[in-house]
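Visitor: Here is my input; please provide its structure:
(2 chains)
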Amino acid sequence: MSAPGTKHRGSALWLAAMIHRLSGLALAIFLPIHFFVLGLSFHGGAKLDEFLRWSDQPLVKFAEGGLVFLLTIHLLGGLRVLVIENFDWHDGQKRLAMFGATVSAVVAFIFLVRMF
Amino acid sequence: MNVRLYVWQRATAALMVPFVLVHIAVIFYATRQQMTAADILSRTHGSAAWAAFYTVFVAAVSIHAAIGVRNILSEWSPLGHRAAGWCAVSLGIVLAMLGFHAVIALVLT
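Guide: Next comes the predicted model:
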């Protein structure tokens, strides 16, 4: 028997909210690194080139694919929240959340295919 | 989350929708072209459009991420609202400083 107030956990929309939150947290952790790397070009492109060469390895490319997935799913999850809060309620929210996850996976997959 | 932060969170989210779409397109373009630093800088250097685009983007994402992290810390960590607020403000400042530095590095230097 589930604890009181936890019955909703594991439902598709709870999962969608959790993925939205965790993807946002992951992006917030990644952003300072991203900005720092781009800032390497402040004194010319040598250091940025060094990083770009380092990033040209399979594991880093997979990680970049993961970041594209996180960014896309956070965007679509955020759009869903904005629509729910600002427009009339529509049924099919679970399907919409699933659609968002599928689109994000497809975008990340296309990104990886183009990278390799 | 108080009403003021809620409005900022949602306003920056709505503002960033087109920015994120353009940014994803830029990611696809830049990675496909296998760009070197010189290739990137030749496209961004002196561009007022990219400077304006990424300045607004950095400002919006710094606010949006800081409020989001504040909510998570308030709800999931033992930190109180006040401490979570200070952590969020610190994160927002760090993001803005690093972000604007990156914009300057890519566009102005």
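Visitor: could you list every residue that touches the residue nearest to residue B:15 when sequence neighbours are not counted?
Guide: The spatial neighbour of residue B:15 that comes closest, neighbours along the chain excluded (Cβ to Cβ, 6 or more residues apart in numbering or on different chains), is residue B:60 at 5.2 Å. From N, CA and C alone the C-beta is placed, and that goes for glycine too. Taking Cβ atoms under 8 Å, 6 or more residues apart in numbering or on different chains, we find residue B:60 in contact with B:12, B:15-16, B:19.
Visitor: Buried ones in stretch B:44-54, by neighbour count?
Guide: Going by neighbour count (16 or more other Cβ atoms under 10 Å in any protein chain shown), the buried part of stretch B:44-54 is B:44, B:50-51, B:53-54.
Visitor: Show me the two of these that sit farthest apart.
Guide: Using Cβ to Cβ, the buried residues of stretch B:44-54 reach their maximum pairwise distance at B:44 and B:53, which is 10.2 Å.
Visitor: Please list the residues of chain B that sit near chain A.
Guide: B:10, B:13-14, B:17, B:20-21, B:23-24, B:27-28, B:31-32, B:35-38, B:40-41, B:58, B:61, B:65, B:68-69, B:72, B:91, B:94-95, B:98-99, B:101-102, B:104-106, B:109 (Cβ under 8 Å from any Cβ of the partner chain).
Visitor: For the closest residue to chain B within chain A, which residues are in contact?
Guide: Chain A approaches chain B most closely through residue A:45 (2.9 Å), counting by Cβ to the nearest Cβ. When the contact criterion is Cβ under 8 Å, 6+ apart, the partners of residue A:45 are B:36-38, B:40-41.
Visitor: burial measure for residue B:70, as a count.
Guide: Neighbours of residue B:70 under the rule other Cβ atoms under 10 Å in any protein chain shown: 23.
Visitor: what residues are up against it?
Guide: Residue B:70 neighbours (Cβ under 8 Å, 6+ apart): B:1, B:5, B:84-85, B:87-88.
Visitor: Please identify which helix or strand holds it.
Guide: helix B:48-76 (DSSP states H and E).
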